[in-house]
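need a 3D model of the following:
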Amino acid sequence: MWMLHWLPDSFLKYFILGMVFVGAGLFVLGLITKWVPLMGKHALVSRAVGLVLLLPGLYFWGGYGVEMEYRAAAEEWKAKIAEYEKKSQQANTEIETKIVTETKIVREDTLETKYLIEQLKDQIDKEGCEISPEVIDLYNEGITGRR
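Down below sits the predicted model:
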């Protein structure tokens, strides 16, 4: 059935149903006409052609049903994928906004910390290069950012 994927669904459906009905009709006609004197000699041919059309027609009808189920499932998955892509874009936008905001906060904190370190530079130099706990706290805030 996958080879017939390029045919429209309605054409394929009616073609297969036509095979089934024509095959069944010819088979029944072959059963009935074996008692008719002029057509009795063609009854075997009619039954054989009917079976040759009916059996593959039934097989194709089952395959057609499965193919339509697969196509419906594929359409559902395509819809889900499109929905997930939209959600992904929204999540990416939120993440980018969050990253930009956090980067901005860290830059502001870093600039503020640098300014405070410059202010305390004289105090650090006066104490013989010993670092006071306030300077250590200021340094840690500069690395981690103020929240």
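
where does the protein have its least confident helix or strand?
Scoring the helices and strands of the chain by mean pLDDT, DSSP states H and E places helix 121-126 at the bottom, with a mean of 66.

which strands or helices does the biggest helix by length in the chain pack on?
For the chain, the longest helix by residue count, based on DSSP state H, is helix 43-119. The contact analysis (3 or more CB pairs under 8 Å, 6 or more residues apart in numbering; DSSP states H and E) places helix 43-119 against helix 9-32, helix 133-144. All C-beta atoms are positioned from the backbone trio N, CA, C, and that covers glycine.

and the angle for that helix with helix 133-144?
Calculated by axes from the mean of the first three to the mean of the last three CA atoms, to 10 degrees, helix 43-119 forms an angle of 160 degrees with helix 133-144.

could you count how many residues lie near Pro133?
Per other CB atoms under 10 Å, the neighbour tally for Pro133 reads 7.

so what's the residue nearest the centre of the chain up against?
Among the residues of the chain, the one closest to the centroid is Ile81, at 3.2 Å (CA atoms, centre = their mean). Not one residue lies near Ile81 by CB atoms under 8 Å, 6 or more residues apart in numbering.

not counting its neighbours along the chain, what's nearest Ile117?
Leu138 (6.5 Å; CB to CB, 6 or more residues apart in numbering).
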